[in-house]
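>>> sequence below, structure please.
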Amino acid sequence: MVKECETAGTASYGLWSHLGARICNRRVQLGLSEGAVAAHLGVPLERYREFEAGRALIPAALLSYVGDLFKVPLFYFFQDLSFGEEDVEPSRLEEPPVLVVATTEDRLDALVRDFLKADQEGQCYLLLLARAFAKREDVTR
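Predicted coordinates for the structure are as follows:
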């Protein structure tokens, strides 16, 4: 039996709650049970339920496996993610940075600098994003 997602009324709706809600909604949409998904991922059912509830941090590699199982790109889980800008007056929003990088070498230098500034978790996400873009390139060729 497929259980409906219980995402309404989440007290602290942050990144992990958002990811959990997206995972749960897609699982329900596909008609999969929590147990079946947990078994496919090789995690205990209770741990999987914590991921869906946003009470546990889902490892980046595991999130990638979920995307493969659900046949969605990794970006699917981050769609409609709010970063709290709703509370900021539009006039106080910063202009988005403009990146002008002329050569491949300049782009690689900028990428390496930014990668090294990120913490380990951020670096894992960047690597997953790079892998997702590479896979997309392979498919479009």
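>>> now residue 46: how far from residue 15?
According to Cβ to Cβ, to the nearest Å, residue 46 and residue 15 sit 21 Å apart. All C-beta spots, glycine's among them, are computed from the backbone N, C-alpha and C.
>>> so for these two, which residue has more residues nearby?
Remark: of residue 46 and residue 15, residue 15 carries more neighbours, 14 against 10, as counted by other Cβ atoms under 10 Å.
>>> isn't that one up against residue 82?
No. Counting by Cβ atoms under 8 Å, residue 15 sits too far from residue 82 to count as a contact (9.9 Å).
>>> now the longest helix seen in the chain: buried residues?
The longest helix of the chain (DSSP state H) is helix 120-140. In terms of neighbour count (16 or more other Cβ atoms under 10 Å), helix 120-140 has its buried residues at 124, 128.
>>> can you start the count at 604 instead of 1 from here on
Yes, from this point I'll number from 604; that puts the last item at helix 723-743.
>>> other residues contacting the worst-scoring helix or strand of the chain on mean pLDDT?
Every helix and strand in the chain was compared by mean pLDDT, DSSP states H and E; the lowest is helix 723-743, with a mean of 77. When contacts are defined by Cβ atoms under 8 Å, 6 or more residues apart in numbering, helix 723-743 is touched by residues 663-664, 666-667, 676-678, 718, 721.
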